[in-house]
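In: take a look and give me a structure for this.
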Amino acid sequence: MHALRFTAAPFSRNPTLPQTSLYARVGVETGVSGASPHQLVSMLFAGFVDAMAQAKGALQGGQVEAKGIAIGRAARIVDEGLKASLDLSGGGALAADLAELYAYVTLRLTHANLHNDACALDECLALIQPLREAWAAIAPQVAAPQA
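Out: Prediction:
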């Protein structure tokens, strides 16, 4: 298995979050410290889906700043988390294809933010969701060798 690289950026502090979310952030940071590489990627996918829900809600509610923050969080998760964790030298065509997909998703997120395009947000979620489901489906095979 190739080593995965992760940055803390997708989980960085956000001064605009209410105090109650500080407890959630501590829970995430605690979960990260004891997580396997597979679990870390699962957390990135979950964070992406959460950010997309926040972005869509903010867009529909006309909350421009919240929309931008949520889309920025989703883009960082894709670019600094999912894309950065790929092993492009040893991952072959699959890693290269995923890198291109992640670059496209980041581009579409930027478009969605600039143009208030809910369809682009839906497209990004539709592109990432099958990867999330496939990643979750392999969890038993990843955990089995460690048991």
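
In: when you work out contacts or count neighbours from here on, use the C-alpha atoms and nothing else.
Out: OK.

In: from Gln39, how far off is Ala70?
Out: The gap separating Ala70 from Gln39 is 22 Å, by C-alpha to C-alpha, to the nearest Å.

In: more neighbours: the two, which one.
Out: Set Ala70 next to Gln39 and count neighbours by other C-alpha atoms under 10 Å: Ala70 wins out with 23 against 17.

In: spit out the contact partners of that one.
Out: Counting by C-alpha atoms under 8 Å, 6 or more residues apart in numbering, Ala70 makes contact with Ala51, Met52, Gln54, Ala55.

In: now do the contacts for the last one.
Out: By C-alpha under 8 Å, 6+ apart, the contact set of Ala55 is Ala66, Lys67, Gly68, Ile69, Ala70, Ile71.

In: is it in a helix, a strand, or coil?
Out: Put simply, Ala55 is helix when judged by DSSP: H, G, I helix; E, B strand; the rest coil.

In: re earlier: let's see if you can find the most crowded of the contacts of Ala70.
Out: Ala55 (29 neighbours).

In: for the protein, where's the lowest mean pLDDT among helices and strands?
Out: The weakest-scoring helix or strand in the chain, judged by mean pLDDT, DSSP states H and E, is helix 20-33 (a mean of 52).

In: quick one: mean pLDDT for stretch 82-89?
Out: In this model, stretch 82-89 carries a mean pLDDT of 93.
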